[in-house]
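# Kindly generate the corresponding structure for this input.
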Amino acid sequence: MRTLRPNFIVGIGASAGGLNGFTAFLDALPSNTGMAFVLLLHIAPAAESHLAEISSRHTKMLVLVAAHAMPIRANHVFVNPPNVDLSIENYTFKVVTPRTRRNVLIDGFLTSLAEAMGARAIGIILSGYDGDGTKGCKRIKAKGGTTFAQDVSAEVPEMPLHAQAAGCIDFVLPPDKISDYLQRLARTSKGKRIE
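Here you go, the predicted structure:
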């Protein structure tokens with residue numbers, strides 16, 4: 001499975017308070033869904049990120065820091081490096097550094113994900129300030145994909161609430177419960193909408 005293209009690509013965005021959401025999500029997720037997972041965390045440009053190291057303690061999947069032209073593989077977890085704009089094209093990452101604008105990492109990635117994967121794009125918005133991710137989730141919805149937002153368990157609720165208020169979220173759940181829906185989605189032969 002490690003060399004296969006994913007059946008879905010899942011973009012998971014967070015900012016302040018998001019680390020607990022990421023780890024709860026990964027703890028509940030099996031390692032053989034056939035999906036690829038991209039963790040998108042707001043990181044200060046000069047900061048050193050330990051997200052890959054921390055995430056690898058919560059999953060049996062291989063966790064890698066996304067790099068330019070890196071192929072996106074099924075049953076892998078990828079994390080963004082600091083100070084980049086990250087997007088995807090033809091199942092590979094495009095990395096532009098330094099980043100062009102603050103706090104639009106999630107929107108930029110999810111928008112490219114919608115264009116690349118259509119109905120096989122999944123966007124998840126976890127804890128954080130401001131509204132990054134809402135535009136990207138709107139694009140995923142417009143292309144037939146599926147979107148989730150963290151429920152009241154979010155330590156900082158602004159990002160998930162902003163996306164919900166925009167009407168672009170299909171399901172509002174705690175991070176560990178999102179896994180159940182993703183497994184059901186993976187089992188559908190053509191990625192039909194789940195109810």
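# quick one: contacts for the residue of the chain most remote from its centre?
Each residue of the chain has a distance to the centre, and by Cα atoms, centre = their mean the biggest one is for residue 46: 22.5 Å. Contacts of residue 46 were listed using Cβ atoms under 8 Å, 6 or more residues apart in numbering, and they are 82-83. Placement of C-beta: from N, CA and C, glycine included.
# cool, residue 151 as well?
Contact analysis of residue 151 by Cβ under 8 Å, 6+ apart lists 160, 172-174.
# Most neighbours among those residues, which one?
Of all these, residue 160 has the most neighbours under the rule other Cβ atoms under 10 Å, reaching 29 neighbours.
# ok, the residue nearest to residue 97 when sequence neighbours are not counted to residue 113 distance?
Nearest residue to residue 97 in three dimensions, chain neighbours excluded: residue 84, at 4.7 Å (Cβ to Cβ, 6 or more residues apart in numbering). Remark: distance between residue 84 and residue 113 (Cβ to Cβ, to the nearest Å) = 15 Å.
# And for residue 39?
As for residue 39, its distance to residue 113 is 13 Å (criterion: Cβ to Cβ).
# which residues do these two both contact?
Overlap between the contact sets of residue 39 and residue 113, as judged by Cβ under 8 Å, 6+ apart, is nil.
# circling back to that earlier point, more neighbours: residue 84 and residue 113, which one.
Higher neighbour count among residue 84 and residue 113: residue 113, with 26 against 23, using other Cβ under 10 Å.
# Distance of the more buried one relative to residue 94?
12 Å.
# quick one: common contacting residues for the two?
residue 88.
# quick one, strands of this structure?
Secondary structure of the chain (DSSP state E): strands at 9-14, 36-41, 62-65, 76-79, 85-89, 92-96, 121-125, 146-150, 171-173.
# Check which residues of the third one are buried.
So that's strand 62-65. Buried residues in strand 62-65, counted by 16 or more other Cβ atoms under 10 Å: 63-64.
# Check the first one too.
Buried residues in strand 9-14, counting neighbours by 16+ other Cβ under 10 Å, are found at 9-14.
# Out of the residues you listed, the closest to residue 134 would be?
For these, the residue nearest residue 134 by Cβ to Cβ is residue 13; the value is 9.9 Å.
# ok, how many other residues are close to the closest residue to residue 60 other than its chain neighbours?
Counting by Cβ to Cβ, 6+ apart, residue 60 lies nearest to residue 31, which is 4.0 Å off, once chain neighbours are set aside. Counted with other Cβ under 10 Å, the neighbours of residue 31 add up to 13.
# what does residue 140 give?
27.
# ok, so what distance separates it from residue 125?
11 Å.
# right, and residue 157 touches residue 125 too?
No. Judged on Cβ atoms under 8 Å, residue 157 makes no contact with residue 125 at a distance of 10.4 Å.
# and the nearest residue to residue 10 once chain neighbours are set aside, what does it touch?
Leaving aside its sequence neighbours, residue 10 sits nearest to residue 122 (Cβ to Cβ, 6+ apart; 4.3 Å). Residues near residue 122 by Cβ under 8 Å, 6+ apart: 8-11, 35, 140, 145-148, 182, 185.
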